[in-house]
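Visitor: 3D model of this:
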Amino acid sequence: MKLKPYEEETIMFESRLLCEHEGLESIADRSLAFTIHLTTLRDTVGIQKAIFQKIHRSIYGGRYSPDDFTFSMMIAGDVEGSRSGYVPVDVLKAPLYPHYHGLIVFSEGDWAIISPNLSAWIAVIRNSIAEIKEVKNSEINDDGCYISESVWIKKFEPKLDKHAKYASALADYIQYIIKADLIANKQSIDTYCPMVFPHDLDKSSMSTRRSKALFSRLHDIETKFLPQRMWG
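Guide: Model prediction:
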């Protein structure tokens, strides 16, 4: 049994997200999941880079530096109706509800500082993202209460699902957030292309070697998981 191309792509993104981290067994416990609603997906590469740098500045007071690894982030564009596995070309090109899904994974040391006051740090991160002009404004009623939030962030919670597609809960979620890109690729549309930070900012030979080595390791784990997924 072999993994399918989209499954290998999922593992590739997972390896890029995690390659700079230590303590991989606790990764899911120090991760945040987020959704960001937008007014447009134009210049999506620029928006995704801005989100990463905004988050970094809000927590650490400055832009990311390759000499100071603190957290990694994966982000991918999405569109309404993508869960069905089919999205019309006109919707892919002009979605009514463009948005991003993503993951933030903190280093062990930083998570030890952030986790005791997580709700406050989530608010800091949310407010920094909301400053980006392409992010949709949250809807607030006359009493000042949120009707709908444009930036949603919470601690990642792995689902204990006997029908899980991957041995890794993060891989399951990564496949979920790249679903629109998998659909768009068939139409040669690159608007929803995922990005991984800091990997996509620092494509050094060392980072590349680390991600390739981790890909091999994760690929082996998921290949061994296939019989359990199919017949368990």
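Visitor: how about the strands of this protein, start to end?
Guide: 31-37, 71-78, 99-106, 139-140, 146-148, 151-155, 195-197 (DSSP state E).
Visitor: Residue 225 touches residue 165, doesn't it?
Guide: No - using C-beta atoms under 8 Å, residue 225 is not in contact with residue 165, being 9.1 Å away. C-betas here are computed from N, CA, C, even on glycine.
Visitor: Can you tell me, leaving aside adjacent residues, what's nearest to the most centrally placed residue in the chain?
Guide: Of all residues in the chain, the one closest to the mean position by C-alpha atoms, centre = their mean is residue 102, 2.4 Å from it. Residue nearest to residue 102 in three dimensions, not counting chain neighbours: residue 75, with 3.8 Å by C-beta to C-beta, 6 or more residues apart in numbering.
Visitor: Over to residue 22?
Guide: residue 108 (6.4 Å).
Visitor: And for the residue nearest to residue 102, the neighbour number?
Guide: 22 (other C-beta atoms under 10 Å).
Visitor: Then the one 3 residues further on?
Guide: Using other C-beta under 10 Å, residue 78 is surrounded by 27 other residues.
Visitor: what bridges to it?
Guide: For residue 78, the beta-bridge partners under DSSP bridges are residue 99.
Visitor: what separates the residue nearest to residue 22 from residue 172, distance-wise?
Guide: Going from residue 108 to residue 172 by C-beta to C-beta, to the nearest Å gives 23 Å.
Visitor: Have a look at the two and say which one is more surrounded.
Guide: The residue with more neighbours, out of residue 108 and residue 172, is residue 172; 16 against 13, by other C-beta under 10 Å.
Visitor: Tell me, please, the helix or strand in this protein that averages the lowest pLDDT.
Guide: Here the helix or strand of the chain ranked lowest by mean pLDDT, DSSP states H and E is strand 146-148, holding a mean of 53.
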